[in-house]
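**Student:** Provided below are the primary sequence and the corresponding predicted coordinates.
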Protein chains: 4
Amino acid sequence: MNPSSRFRFRAPVRVRFIETDLQGVVSHAHFFAYFEAARMDYWEAVGFPLEKLRTLGADDSIVAAEATYRSPARFYDLLDVHVRTSHLGRTSYKVDFLVTRGEAPEVIAEGRTIHVIVDLHTRRPIPIPEPFRAALEAFEGEALQAGDGG
Amino acid sequence: MNPSSRFRFRAPVRVRFIETDLQGVVSHAHFFAYFEAARMDYWEAVGFPLEKLRTLGADDSIVAAEATYRSPARFYDLLDVHVRTSHLGRTSYKVDFLVTRGEAPEVIAEGRTIHVIVDLHTRRPIPIPEPFRAALEAFEGEALQAGDGG
Amino acid sequence: MNPSSRFRFRAPVRVRFIETDLQGVVSHAHFFAYFEAARMDYWEAVGFPLEKLRTLGADDSIVAAEATYRSPARFYDLLDVHVRTSHLGRTSYKVDFLVTRGEAPEVIAEGRTIHVIVDLHTRRPIPIPEPFRAALEAFEGEALQAGDGG
Amino acid sequence: MNPSSRFRFRAPVRVRFIETDLQGVVSHAHFFAYFEAARMDYWEAVGFPLEKLRTLGADDSIVAAEATYRSPARFYDLLDVHVRTSHLGRTSYKVDFLVTRGEAPEVIAEGRTIHVIVDLHTRRPIPIPEPFRAALEAFEGEALQAGDGG
């Protein structure tokens, strides 16, 4: 099975010159910037950009992040960063990422970030706002409702 | 027990303005740059800077990276990034990180990177060069020899 | 006159979260990364990507860079970075940039980089390779041939 | 004359691995991050960190930035970023930078940023707060009072 088949969303990311390092490949830390950029596009597609969360008095806070690097990305590669919400808890949720080079099946990297929704002002965890939860569930469908990926 | 007591090395990192984001804190991806900067200082202290590895025809390749965020870091904070090699395998090894704010016991973040030593030219995994292994074992002492942290 | 009318090329750049700072706007240094990313797209449009220059034994080296900031860029803004070669000398050339927010006439920033073509191995200045010069002249047309922007 | 002799302040900056690019040198945009990091240390030395400006209801805004690159910086170089205020106007001021490699006379890069002091809330230009002006004048002495560098 193509590993990207579990994802309903992907964002293109063009590798910048400044993101390469003296080994001639994309430095590992930049993948977390790629994940974040793609997540923002994903939320836009889901109909719930960060701004909307903030107008509800909530904010997003990342509590953990991880990546596994399978194959190097190089200058000017046009990457696809696949994004999906893989778990929705009460105050926290998980987002999974898969990086490929366009349609090629080869996996460049995989990743996951774990998030907590916090009060915009106190920065303390609060339950995931219902409209945000509903938007994610509507977009992801059954896969997410099954609690997959926890 | 102070969580930093397991570490024999720490590098100071001053938070740059450009590393803050609109939430007023250090953006999560920058911690991987902090880990890397501190690891380079650690290798210097160990007596085995990256350059030395490369003159042996070997290179370092990161295959996985993770971080857990406990408390936000802010502009101009003077962080301590504690570094230790927590596992030495045949071709791979692990490096653990702990970020504190100077002497304060509060943990800002924790992290780990998993590395593979590769041939400088073919980029294929090769056994960890003996002089690099010996330098890490000499620096870390018993804790590392016990295979702790695998 | 719309300031972008002198440009025949523009590349879209989406502002990333990590590029904002605690003032809530894009940190000034990131504009140089935007300029560079857009220049690489420009060279692709011109038919002369960096890789082609390097296969000719030449490389690009930036000797000066400047930017003027007119209005802040914010998170998730979709910027247009307009690019043009404004001067072609014997070994050096200049590239001008203009950043707008999509079709809006407001100028976010302007910039210029001055480049020298160097030998890929010795890193010493060499005459601009003729195929690169011809490609830039063909793309820019009369405006460039008039020596405008020197 | 040693070009750094006009500067009364310098901040050390260690080149990070992530700041190198596939040409094996520090990518040009990172110098603006170095300038900024060194300027924050300079303001600390002057006795007027950014925080103090903000408690006065003022903020710093960069309106222009430029750099000239003389010689490449490489991985793990320990750079000195020399900083001085070169001009103080009514609402704006200029900061000059010089980058050397430790005590070596060779110049790696030079730069300048032009700043405007703005109201923290309206973001409109306001006169430079007197305590900030006085602190800069006291630190720089006669060279600044002569209006040098305008």
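**Tutor:** Arrived safely. Numbering: from 1, shown residues only, chains lettered A, B, ... in the order given.
**Student:** was I right about residue A:18 contacting residue D:21?
**Tutor:** Yes: contact criterion Cβ atoms under 8 Å: residue A:18 and residue D:21 qualify, at 6.3 Å. C-betas here are computed from N, CA, C, even on glycine.
**Student:** pull up the overlap in contacts between those two.
**Tutor:** Residues touching both residue A:18 and residue D:21 (Cβ atoms under 8 Å, 6 or more residues apart in numbering or on different chains): residue D:27.
**Student:** quick check: buried residues in the helix or strand of chain A with the lowest mean pLDDT?
**Tutor:** Evaluated with mean pLDDT, DSSP states H and E, the helix-and-strand set of chain A has its lowest mean pLDDT in helix A:142-145, which scores a mean of 76. Residues of helix A:142-145 classed as buried under the neighbour-count rule (16 or more other Cβ atoms under 10 Å in any protein chain shown) are residue A:144.
**Student:** now swap in stretch A:55-70 and tell me
**Tutor:** For stretch A:55-70, burial by neighbour count (16+ other Cβ under 10 Å) applies to A:58, A:59, A:60, A:61, A:62, A:63, A:64, A:65, A:66, A:67, A:68, A:69.
**Student:** that stretch vs chain B: in contact?
**Tutor:** Yes: part of stretch A:55-70 sits near chain B under the criterion Cβ under 8 Å from any Cβ of the partner chain, namely A:59, A:61, A:62, A:63, A:64, A:65, A:66, A:67, A:68, A:69.
**Student:** please identify which helix or strand holds the fifth one.
**Tutor:** Using DSSP states H and E, residue A:64 maps to strand A:58-69.
**Student:** sheet partners, orientation included, of that strand?
**Tutor:** Counting by DSSP bridges, the strands paired with strand A:58-69 are strand A:107-119 (antiparallel), strand B:58-69 (antiparallel).
**Student:** now for the helix or strand that the shortest one is followed by, which elements pack on it?
**Tutor:** What that stands for is strand B:58-69. Later in the chain than strand B:58-69, the nearest helix or strand by DSSP H and E is strand B:78-88. Contact partners of strand B:78-88 among helices and strands, from 3 or more Cβ pairs under 8 Å, 6 or more residues apart in numbering or on different chains; DSSP states H and E: strand B:9-14, helix B:30-46, strand B:92-100, helix B:130-140, helix B:142-145.
**Student:** what sits up against the last one?
**Tutor:** By Cβ under 8 Å, 6+ apart, the list of residues contacting helix B:142-145 from outside reads B:6, B:84, B:85, B:86, B:87, B:88, B:136, B:137.
**Student:** circling back to that earlier point, export the least confident helix or strand of chain A to CSV, keeping only CA atoms.
**Tutor:** C-alpha atoms of helix A:142-145 as CSV (Å, rounded to 0.1, in the frame of the first residue of the first chain):
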residue,chain,number,x,y,z
GLU,A,142,-14.0,7.4,9.9
ALA,A,143,-10.3,7.0,10.2
LEU,A,144,-10.1,9.6,12.9
GLN,A,145,-13.3,8.5,14.7
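**Student:** wait, a strand at residue A:54?
**Tutor:** No: counting by DSSP: H, G, I helix; E, B strand; the rest coil, residue A:54 is not found in a strand; it is helix.
**Student:** could you report the neighbour count for the residue nearest to it when sequence neighbours are not counted?
**Tutor:** Excluding the flanking residues, the one nearest residue A:54 by Cβ to Cβ, 6 or more residues apart in numbering or on different chains is residue A:120, at 5.9 Å. For residue A:120, the neighbour count with other Cβ atoms under 10 Å in any protein chain shown is 16.
**Student:** give the contact list for residue A:120.
**Tutor:** Each residue near residue A:120 by Cβ under 8 Å, 6+ apart is listed here: A:54, A:57, A:58, A:59.
**Student:** dump those residues to CSV, plus pLDDT and distance to residue A:108.
**Tutor:** What follows is the contacts of residue A:120, written out as CSV (pLDDT from 0 to 100; distance: Cβ to Cβ, whole Å):
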residue, pLDDT, distance to residue A:108
A:54, 96, 32
A:57, 97, 37
A:58, 98, 32
A:59, 97, 30
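**Student:** and the nearest residue in space to residue A:14 that is not next to it in sequence, what is it in contact with?
**Tutor:** Counting by Cβ to Cβ, 6+ apart, residue A:14 lies nearest to residue A:78, which is 5.6 Å off, once chain neighbours are set aside. Residue A:78 is in contact with A:12, A:13, A:14, A:15, A:101, A:102, counting by Cβ under 8 Å, 6+ apart.
**Student:** how much space between residue A:78 and residue A:108?
**Tutor:** According to Cβ to Cβ, to the nearest Å, residue A:78 stands 11 Å off from residue A:108.
**Student:** okay, and the common contacts of those two?
**Tutor:** Jointly contacting residue A:78 and residue A:108 under the rule Cβ under 8 Å, 6+ apart are residue A:101.
**Student:** for residue A:73, which of the helices and strands packed on strand B:78-88 is the nearest?
**Tutor:** Nearest of these to residue A:73, taken as Cβ to Cβ: helix B:30-46 at 15.3 Å.
**Student:** only C-alpha atoms, please: export that closest one in PDB.
**Tutor:** Only the C-alpha atoms of helix B:30-46 are listed here, as PDB (Å, rounded to 0.1, in the frame of the first residue of the first chain):
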ATOM      1  CA  HIS B  30      14.400  25.900  16.700                       C
ATOM      2  CA  PHE B  31      15.100  23.500  19.600                       C
ATOM      3  CA  PHE B  32      16.500  21.000  17.000                       C
ATOM      4  CA  ALA B  33      18.900  23.700  15.900                       C
ATOM      5  CA  TYR B  34      19.800  24.300  19.600                       C
ATOM      6  CA  PHE B  35      20.400  20.500  20.100                       C
ATOM      7  CA  GLU B  36      22.600  20.400  17.100                       C
ATOM      8  CA  ALA B  37      24.600  23.500  18.100                       C
ATOM      9  CA  ALA B  38      25.100  22.000  21.600                       C
ATOM     10  CA  ARG B  39      26.100  18.600  20.100                       C
ATOM     11  CA  MET B  40      28.900  20.300  18.100                       C
ATOM     12  CA  ASP B  41      30.200  21.900  21.200                       C
ATOM     13  CA  TYR B  42      29.900  18.500  23.000                       C
ATOM     14  CA  TRP B  43      32.000  16.800  20.300                       C
ATOM     15  CA  GLU B  44      34.500  19.600  20.700                       C
ATOM     16  CA  ALA B  45      34.700  18.900  24.400                       C
ATOM     17  CA  VAL B  46      34.900  15.100  23.700                       C
END
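**Student:** from chain D, how far out is the residue nearest the centre of chain A?
**Tutor:** Closest to where the C-alpha atoms of chain A average out (Cα atoms, centre = their mean) is residue A:39, at 4.1 Å. Distance, residue A:39 to chain D, by Cβ to the nearest Cβ, to the nearest Å: 21 Å.
**Student:** could you tell me which residues of chain A lie near chain C?
**Tutor:** Chain A comes close to chain C at residues A:14, A:16-18, A:33, A:36-37, A:40-41, A:44, A:49-51, A:75-76, as judged by Cβ under 8 Å from any Cβ.
**Student:** between the residues of stretch A:55-70 next to chain B, which is nearest residue D:132?
**Tutor:** Once Cβ to Cβ is applied, the member of the residues of stretch A:55-70 next to chain B that ends up nearest residue D:132 is residue A:59, at 32.2 Å.
**Student:** and the closest one, how far is that from residue A:35?
**Tutor:** In this view, residue A:59 and residue A:35 are 18 Å apart by Cβ to Cβ.
**Student:** and for residue A:137?
**Tutor:** From residue A:137 across to residue A:35, the span is 21 Å (Cβ to Cβ).
**Student:** circling back to that earlier point, dump the strands paired with strand A:58-69 into a markdown table; add distance to residue C:28 as well.
**Tutor:** Listed next are these as a markdown table, based on distance: least, Cβ to Cβ, whole Å:
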| stretch | distance to residue C:28 |
| --- | --- |
| strand A:107-119 | 28 |
| strand B:58-69 | 27 |
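**Student:** re earlier: now do the strand holding residue A:64 against helix B:30-46, angle only.
**Tutor:** Angle between the axes of strand A:58-69 and helix B:30-46 is 50 degrees (criterion: axes from the mean of the first three to the mean of the last three Cα atoms, to 10 degrees).
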